[in-house]
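Asker: have a look at this prediction, sequence included:
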Amino acid sequence: MIQTSGLTRHFTVKKQTVEAVRGLDLRVEDGELVALLGPNGAGKSTTLRMLTTLIPPTAGTASVAGYDVVAQQREVRRVIGYIGQGNGAAHSQRGRDELVSQGRAYGMSVRDAKVRADELIASLDLAAVADRPVSSLSGGQKRRLDIAMGLIHAPRLLFLDEPSTGLDPQNRANLQEHILKLRAEHGTTIVLTTHYLDEADAMAERVVVIDHGTVIADDTPARLKADHAGDRITLGFGSAADADRAARRLASLAGATVAATGSEVDVRAVGGPRLVPGIIRDLDAAGIAVESTAVSRPTLDDVFLNLTGRSLREGVVSTSTEEVAA
Ligand SMILES: Nc1ncnc2c1ncn2[C@@H]1O[C@H](COP(=O)(O)OP(=O)(O)OP(=O)(O)O)[C@@H](O)[C@H]1O
């Protein structure tokens with residue numbers, strides 16, 4: 001459905017070149033739900049804007065549904081829906097009228113546009129508010145209306161740029177549910193950008209991690225976590241001296257990274273819960289008493305941290321860590 005090769009976009013700001021996207025290679029298959037995950041300024045929106053023909057690439061190529069995004073812009077636009085960050089229907093109009101007008105703009109008959117608008121209003125749970133002026137809708141309802149607008153012409157591919165930014169957690173969860181339902185009903189290929197780790201984790205079959213305009217990892221959330229970040233075992237000791245001794249002893253643990261902070265030691269290793277009994281026995285034999293243990297599963301933030309040495313969480317609402325009993 002999407003194929004890019006060396007996709008690049010530079011901007012010139014006050015004679016300085018900003019390399020927003022640098023040689024991006026991406027492939028998205030029919031029917032996939034892919035999340036582009038990365039920190040602010042990573043190049044996610046710029047990538048989407050090139051794929052939706054809003055801006056041309058500086059270099060490289062991209063095709064969408066077999067059409068070139070530069071040479072065949074009109075064809076690309078016909079098969080895609082795009083919901084940008086700043087979308088929004090006209091505020092004095094009723095949501096239903098907005099949808100029908102949008103359908104008409106795509107060349108649909110009034111009748112077809114009305115039928116499709118009814119379907120989307122039902123799927124997106126907008127029936128109670130569709131006949132009110134858009135200005136009276138809540139943030140979550142407006143965002144769902146935006147999505148309906150992007151889907152009115154039944155596109156094969158939907159681009160969503162940060163669909164849930166600005167929504168509270170409950171509305172975010174609700175929107176995610178609606179997107180997944182739509183996808184199950186229509187089989188639409190979906191590419192979304194997000195910097196919400198939990199959103200990428202919960203929704204996407206594939207997460208493409210972007211940093212500084214390039215893909216730094218691309219896999220299922222589960223495999224990313226297994227390959228790039230182990231479980232975190234946190235061991236508590238009676239003193240910092242004990243923690244230091246324990247960290248030195250555990251440094252030889254195959255495939256693990258170990259770090260002591262105060263009276264705690266963090267061990268990163270795949271298969272954490274299974275390692276804990278052996279670790280405790282070993283430390284006990286060395287006369288070091290473990291006072292507490294906790295094991296947490298890795299998050300996509302751990303993956304990002306492992307790949308870049310930086311956290312994705314800065315300035316971002318983070319996901320909760322799944323705690324596992326040791
Ligand atoms: N029109 C523009 N003119 C100049 N620089 C731009 C323009 N659009 C984007 N950039 C720059 O390109 C880089 C990538 O921006 P982009 O919006 O693609 O990132 P993003 O990953 O979508 O970030 P966010 O999560 O904040 O939306 C940033 O450094 C940004 O300042």
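Answerer: The structure has been received and is ready for your questions.
Asker: quick one: low-confidence ranges for this protein?
Answerer: Low-confidence segments of the chain, defined by pLDDT under 70: 86-90, 313-326.
Asker: let's see it at 50
Answerer: By pLDDT under 50, the weakly predicted segments of the chain are 315-326.
Asker: residue closest to the middle of it?
Answerer: By C-alpha atoms, centre = their mean, the mean C-alpha position of the chain lies nearest to residue 200, the distance being 3.4 Å.
Asker: nearest residue to it other than its sequence neighbours?
Answerer: Nearest residue to residue 200 in three dimensions, chain neighbours excluded: residue 35, at 4.0 Å (C-beta to C-beta, 6 or more residues apart in numbering). For the C-beta atoms, the positions are set from N, CA and C on the backbone; glycine is no exception.
Asker: name the helices or strands packed onto the helix or strand containing the residue nearest to the centre of the chain?
Answerer: Using DSSP states H and E, residue 200 sits within helix 197-203. Applying 3 or more C-beta pairs under 8 Å, 6 or more residues apart in numbering; DSSP states H and E, we find helix 197-203 packed against strand 33-37, helix 169-186, helix 300-308.
Asker: residues touching the residue nearest to residue 200, list them.
Answerer: By C-beta atoms under 8 Å, 6 or more residues apart in numbering, the residues touching residue 35 are 191-194, 199-200, 203-204, 206-208.
Asker: phi first, then psi, for the residue in the stretch 151-300 of the chain positioned nearest to the ligand.
Answerer: Of all residues in the stretch 151-300 of the chain, residue 195 sits closest to the ligand, at 5.2 Å by C-beta to the nearest ligand atom. Dihedral pair for residue 195: phi -120, psi 10, per degrees, to the nearest 10.
Asker: that older thread, so who does the residue nearest to the centre of the chain touch?
Answerer: Residues near residue 200 by C-beta under 8 Å, 6+ apart: 35, 37, 194, 207, 221, 300.
Asker: closest to residue 244 out of the residues you listed?
Answerer: Residue 244 has its nearest neighbour among these in residue 300, at 31.2 Å by C-beta to C-beta.
Asker: domains of the chain?
Answerer: For the chain, automatic domain parsing gives the domain ranges 2-225, 228-324.
Asker: ok, back up a step: report the strands that pair with whichever helix or strand comes after the helix holding residue 200, each with its relative direction.
Answerer: For helix 197-203, the succeeding helix or strand toward the C-terminus, using DSSP H and E, is strand 206-211. Strand 206-211 has the following strand partners under DSSP bridges: strand 33-37 (parallel), strand 214-219 (antiparallel).
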